[in-house]
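Q: can you look at this prediction? I've put the sequence above it.
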Amino acid sequence: MSGHSKWSTIKHKKAATDAVRSQIFSKLSRAISIAVKTGGGIDPDINYKLRVAIDKAKTENMPKENVERAISRGSSSEDLQEAVYEGYGPNGLNVIVEVATDNKNRIGQEIKNLFERGGGSLGGPGSVSFNFVPKGLLVVKKDKDTEKQILDLIDLGIEDVEETEDAIEAYVKPSELSQVRSKVEERGYRVSSAELDQKPNSYQTISNESDAKKALNFLEKLEELDDVQKVSTNLDIPEEVLAKIS
């Protein structure tokens, strides 16, 4: 994939340059609450989903009281549910949308509308998820000696790496994400983000500028929905095309 940018790379660059991030604490709070409900309780040493969510909240400088409130919400009887939607975006993109919501009917309709307006359609369970593998994703800032760095990362438990322009995307087992992150940082490497991810087995390359812009606009609108926690897709855009539309 040399010379190409995938959604995982594009959205991290976008997040790093966004001046306004008003939704971030709300989304992090939902992620923490749903991790408590679905991941196995309030102890992050046992519940790896909660550990990942808390670590991400710390990275974003979320206040401790917000984290505690989100944990309490997740352990209460409040009606917060996890849901996953699958479908096809513009140009046949495979898309998975993960949500944490207190109103599945509302968010389901909002997502359906966005798919249809974007030129795609929602599918049933399993319609595109067969093309994705759950992974933990570490985005590691590149060192000058990239070859040595990649060998070090593999030695620390990384299963697979993909090199981008200014970072290394390192994939691990989901349950080992926080543990491997600690090892990577102890080795002196800077981790810019760590999250649970859906890694595509195959990608859909979009080289037409108009189509690429339409695809990015569609994915960004999904990400902007308050209840949406994560959008995964097999989008792949050549870097020279991305540079023209960014």
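A: Nice, I can see it.
Q: pLDDT on stretch 239-246, on average?
A: Per-residue pLDDT values across stretch 239-246 average out to 87.
Q: mind listing what's buried along that stretch?
A: Val241, Leu242 (16 or more other C-beta atoms under 10 Å). Using the backbone N, CA and C atoms, a C-beta is placed for each residue, glycine as well.
Q: which residues does that stretch contact?
A: Contact with stretch 239-246 is made by Gly3, His4, Ser5, Ile10, Glu165, Ile206, Ser207, Asn208, Glu209, Ala212, Lys213, Leu216, as judged by C-beta atoms under 8 Å, 6 or more residues apart in numbering.
Q: dump these to CSV, plus distance to Asp145.
A: As requested, these are arranged in CSV below (distance: C-beta to C-beta, whole Å):
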residue, distance to Asp145
Gly3, 22
His4, 24
Ser5, 24
Ile10, 26
Glu165, 17
Ile206, 33
Ser207, 33
Asn208, 37
Glu209, 36
Ala212, 33
Lys213, 36
Leu216, 33
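Q: now list the buried members of those residues.
A: Buried among the contacts of stretch 239-246 by 16+ other C-beta under 10 Å: His4, Ser5, Ile10, Ile206, Ala212, Lys213, Leu216.
Q: residues touching the helix or strand hosting Lys112, excluding its own?
A: Using DSSP states H and E, Lys112 sits within helix 104-117. Helix 104-117 is contacted from outside by 81, 83, 85, 87-89, 95, 97, 99, 101, 121-122, 218, 221-222, 225, 227-228, using C-beta under 8 Å, 6+ apart.
Q: make TSV from the buried ones among the contacts of stretch 239-246 and add secondary structure, pLDDT and distance to Phe132 to it.
A: TSV is the format used below for the buried ones among the contacts of stretch 239-246 (DSSP: H, G, I helix; E, B strand; the rest coil; pLDDT from 0 to 100; distance: C-beta to C-beta, whole Å):
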residue	secondary structure	pLDDT	distance to Phe132
His4	strand	75	18
Ser5	strand	83	18
Ile10	helix	82	17
Ile206	coil	95	18
Ala212	helix	95	21
Lys213	helix	95	24
Leu216	helix	95	19
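Q: now, the most widely separated pair of the residues you listed?
A: His4 and Lys213 (16.3 Å; C-beta to C-beta).
Q: thinking again about what came up before, can you pick out the most distant pair from the contacts of stretch 239-246?
A: Glu165 and Asn208, at 21.6 Å, using C-beta to C-beta across the contacts of stretch 239-246.
Q: for Ser202, grab phi and psi.
A: phi -140, psi 150 (degrees, to the nearest 10).
Q: thought Lys230 was touching Arg30, still the case?
A: No: under the criterion of C-beta atoms under 8 Å, Arg30 makes no contact with Lys230, lying 10.9 Å away.
Q: where's the closest residue to Glu224 other than its chain neighbours relative to Leu225, distance?
A: Excluding its sequence neighbours, the residue lying closest to Glu224 (C-beta to C-beta, 6 or more residues apart in numbering) is Gln23, at 7.3 Å. According to C-beta to C-beta, to the nearest Å, Gln23 and Leu225 sit 9 Å apart.
Q: ok, those two, which is more surrounded?
A: Leu225 (18 against 13; other C-beta atoms under 10 Å).
Q: just the pLDDT for Gly52.
A: For the record, residue 52 is Val, not Gly. Reading off the model, Val52 has pLDDT 93.
Q: quick one: which helix or strand includes it?
A: helix 48-59.
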